[in-house]
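*Asks:* Below are the sequence and a predicted model; questions follow.
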There are 2 protein chains.
Amino acid sequence: VAAIGPRGGLSSARRLEILTIGTELLLGATVDGNGSWLSRRLAEVGIRVPRRVTVGDDVAEIRSALADALARSGAVICTGGLGPTRDDVTRAAVAELFGRALMLDAEWLETVRGRFHDRGIEMPAVNRVQAEIPEGATLFPNDRGTAPGVAIEDDALGIVVLLPGVPREMRGLFNTHVLPYLSARGFSRRSPVLSRSIRTTGIAESALAERIDDLVEAFSPLTLAFLPGGIGEDVRITCWGDLPPDEAARALDAAEAVLRERLGRYVYGSGSDDLAAVLGDQLRSRDLTIAIAESCTGGLVAKRLTDTPGSSDYVLAAVVAYANQAKERLLGVSRETIRTHGAVSEQTACEMAAGARRLSDASLGVSITGIAGPGGGTPEKPVGTVWIGVAHADRVRARLFRFGGDRSEIRERAAQAALAYVRLTVLEDSAQ
Amino acid sequence: VAAIGPRGGLSSARRLEILTIGTELLLGATVDGNGSWLSRRLAEVGIRVPRRVTVGDDVAEIRSALADALARSGAVICTGGLGPTRDDVTRAAVAELFGRALMLDAEWLETVRGRFHDRGIEMPAVNRVQAEIPEGATLFPNDRGTAPGVAIEDDALGIVVLLPGVPREMRGLFNTHVLPYLSARGFSRRSPVLSRSIRTTGIAESALAERIDDLVEAFSPLTLAFLPGGIGEDVRITCWGDLPPDEAARALDAAEAVLRERLGRYVYGSGSDDLAAVLGDQLRSRDLTIAIAESCTGGLVAKRLTDTPGSSDYVLAAVVAYANQAKERLLGVSRETIRTHGAVSEQTACEMAAGARRLSDASLGVSITGIAGPGGGTPEKPVGTVWIGVAHADRVRARLFRFGGDRSEIRERAAQAALAYVRLTVLEDSAQ
């Protein structure tokens, strides 16, 4: 990591720093997620950030932090303090530092006014200040909000980029406008840090490590990191800019192939793939449809499957049957089954899955019934006990899971396990 | 927020800054949780932090960031870089800056060696460097790990405190040793920073600002901050330690009362209250039960309501009826209604809400039908068009919403609006 800092050969003109602005950050009420995200994106494109600074919504402190940063570095990316209210003072602080007046950008004002108009609303007067930018600055239009991005350049002072603090607006502006802007100004000469990750579910971190631990050395100079998540493990391979990009890409391809071979069916995707979306693609490509019957997950499986646009093609219906009566009336689970085996049982899970499938004529039915806690556990069925059922083709089957964690974690894990179980069932049934 | 910074009356000697050290922080691989935690704890005890800085594990950059901070402020608290491996260089950087040699603290070395011995292990040789501290520095024993805390004072330079980066070690050392140390040096004479926040939904940030903007001055020296969220706005009132604690509490009470009065029914809670939990309490206290019929939100309303333990007392059932056929079969929406008015219409929303209530004998039914996008919009019903229906007592009613944002935001906002609509309906119906 010696390459960070002046020793890494960064001239001060090509140093770039991040300044995150917000009193809530300094009070510790909010974690600085924007600072982390920007740092990560900049590393990905090969721009190293030797320092990151946080100040509150205070003109004097913002101006002083910016002046300090520009004395060390050629550019500063700021986030926060561009809202329409009086505590948003970033625009004023930057205008003051650069000795420029704030000027109304009439075109942007009209754009924002038009957006409000399209929604049948008059633009509130307070939003007008968001169209004021320092004289001579470049405006980056914000598709997702009313605060535009701004870039100011001065031969003596350097470059300052302003981005709003709302994460998705900041991210969109950074990717669309700020990266090309920085790259045109020579900020990304180095080879980028490249990485790949593959996503697994259904295998514990220690079992995963045993299967691939020897690769830590075999992959060098690439590094291998295990990233445990509550609902699965990711494995990341990183090339730290030591190799030219095409060589790095080949090395990453080769390493990824070895990992996929070793981990087999536990791998469901790469990068930030979501298991629900992966399952959705699988269902769509096979012309399958699904119905869901949830008890302890309370709608989470349906929510995750329908997060994906176009999921109405394969999600036919979902029923959250919390009460036993609802299991009987909506899903046709027999009262006798619940009385004999309990609501959290293999038999109930099977009848729920079959019932969900029947009531919507779907090709698959999946069910989840369990004890998410904190109450409701017994010695035989402790909190975390979950039965997951799948009805597919001419079979209905169920599996028992025991999840650790609190209520929310148990629900997340049960939902992930249900999606994984459906995916594997479809794979296995079609392999026969 | 004018009270932060030099203008707030902090002499430079009593300014305190935080420096978090770690390459993983600058790569964005880790969020700076230590920085947030320290900021929060310092605010709680009335020590203001006007700036927080992050650098990597690099001697030159650490030394330069420390020198910069000490030129502005009387003290700097650092975390990270005290481990036993080669990339832990914080000790060396500080010794260099203060022009002092690193000296072995024999007593600490024996303590650590003894701890390993008690566990039947020989102390690894690498841990020895952790017992080296700059000459003349104060050592704070770490009960939870092998890196001690360190404090160095110099009349010209100021005070630097070093803490390990492992969160629980850092927190223990801070509470036990650093706070008393700072307080003995005059850093916490001020009263603690106290704040309150109230949560609103159903009112836009700009409309909210218009209603209470005059309070920004009326509340002084308390400050008012607007914290927009995707599904509601929070308003925070803060007392920055200018008043004695009991006077501050009275001032906050009074300010909160004025805000609640001005914002009326838009206020649903305070602090980190969740609207779904607030609604749950409302239903439980009135012995009401609810059934949910969701289309575009795909299970999200059910998921949110069942996040709360014990929600099975009032959530009887939920149906996700994505397909029109499911709306007809599961909820009893008439085919004629869908044909005449469309699936996204007042009539369909009303029939869905009534159907959900009927099939579970709940006291309330709520329905959501809309276009979450990205596809499916038309000029008359663009993406973001959502009808929300509520069946309660002898009435079924529905309201039209137009939400901005992407699919995920539209779904989040629609779910929040549905919860808010049920809450207001129950309030209004019981006021009659």
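*Replies:* Received the coordinates, thanks. Numbers count the residues shown, from 1 in each chain, chains lettered A, B, ... in the order given.
*Asks:* Point out where the stretch 201-350 of chain A drops to low pLDDT.
*Replies:* Within the stretch 201-350 of chain A, the stretches with pLDDT under 70 are A:206, A:228-230.
*Asks:* One more: the stretch 1-150 of chain A?
*Replies:* Of all residues in the stretch 1-150 of chain A, those with pLDDT under 70 make up the ranges A:1-11.
*Asks:* The same query, at a cut-off of 50, please.
*Replies:* Under the criterion pLDDT under 50, the flagged ranges of the stretch 1-150 of chain A are A:1-9.
*Asks:* Show me the strands in it, by range?
*Replies:* Remark: strands assigned in the stretch 1-150 of chain A by DSSP state E, counting those that start in this stretch are A:16-21, A:51-55, A:75-79, A:102-104, A:132-134, A:138-140, A:149-154.
*Asks:* could you dump these to JSON lines with distance to residue B:123 and mean neighbour count?
*Replies:* C-beta: built from backbone N, CA, C; applies to glycine. Written out in JSON lines, the entries for these read as follows (distance: least, C-beta to C-beta, whole Å; neighbours: other C-beta atoms under 10 Å in any protein chain shown):
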{"stretch": "strand A:16-21", "distance to residue B:123": "40", "mean neighbour count": "26"}
{"stretch": "strand A:51-55", "distance to residue B:123": "35", "mean neighbour count": "27"}
{"stretch": "strand A:75-79", "distance to residue B:123": "45", "mean neighbour count": "26"}
{"stretch": "strand A:102-104", "distance to residue B:123": "61", "mean neighbour count": "14"}
{"stretch": "strand A:132-134", "distance to residue B:123": "58", "mean neighbour count": "22"}
{"stretch": "strand A:138-140", "distance to residue B:123": "55", "mean neighbour count": "16"}
{"stretch": "strand A:149-154", "distance to residue B:123": "53", "mean neighbour count": "21"}
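*Asks:* Ok, which of those strands comes nearest residue A:301?
*Replies:* For residue A:301, the closest of those is strand A:75-79, at 35.3 Å, according to C-beta to C-beta.
*Asks:* check whether that closest one contacts chain B.
*Replies:* No - applying C-beta under 8 Å from any C-beta of the partner chain, one finds strand A:75-79 separated from chain B by no less than 12.9 Å.
*Asks:* With stretch A:315-327 instead?
*Replies:* Yes - using C-beta under 8 Å from any C-beta, a contact is recorded between stretch A:315-327 and chain B, made by A:315, A:316, A:317, A:318, A:319, A:320, A:321, A:322, A:323, A:325, A:326.
*Asks:* okay, how far is it across that stretch, tip to tip?
*Replies:* The distance separating the two terminal residues of stretch A:315-327, taken as C-alpha to C-alpha, to the nearest Å, comes to 20 Å.
*Asks:* How many residues are close by residue A:141?
*Replies:* For residue A:141, the tally of surrounding residues (other C-beta atoms under 10 Å in any protein chain shown) stands at 14.
*Asks:* Skipping adjacent residues, who's closest to it in space?
*Replies:* Counting by C-beta to C-beta, 6 or more residues apart in numbering or on different chains, the nearest residue to residue A:141 once its immediate chain neighbours are dropped is residue A:148, at 5.8 Å.
*Asks:* Same check on residue A:322?
*Replies:* Spatially, and ignoring its direct neighbours in sequence, residue A:322 is nearest to residue B:312 (4.7 Å; C-beta to C-beta, 6+ apart).
*Asks:* And for that neighbour, the neighbour number?
*Replies:* Other residues within reach of residue B:312, judged by other C-beta under 10 Å, total 18.
*Asks:* Ok, residue A:365 next?
*Replies:* Taking other C-beta under 10 Å as the criterion, the count of residues near residue A:365 is 28.
*Asks:* now do residue A:320
*Replies:* Neighbouring residues of residue A:320 were enumerated by other C-beta under 10 Å; the total is 34.
*Asks:* my guess is it is in a strand, correct?
*Replies:* Yes - the assignment for residue A:320 is a strand, going by DSSP: H, G, I helix; E, B strand; the rest coil.
*Asks:* looking at it, it is touching residue A:294, isn't it?
*Replies:* Yes - Residue A:320 is within contact range of residue A:294, at 5.0 Å (criterion: C-beta atoms under 8 Å).
*Asks:* The residues of stretch A:315-327 next to chain B: which two are farthest apart?
*Replies:* Of all pairs drawn from those, the greatest distance, 24.8 Å, lies between A:315 and A:325 (C-beta to C-beta).
*Asks:* Residue A:394 and residue A:431, how far apart?
*Replies:* Plainly put, residue A:394 is 16 Å away from residue A:431 if you go by C-beta to C-beta, to the nearest Å.
*Asks:* on that earlier part again, for residue A:320 and residue A:294, list the residues in contact with both.
*Replies:* Common neighbours of residue A:320 and residue A:294, using C-beta atoms under 8 Å, 6 or more residues apart in numbering or on different chains, are A:302, B:299.
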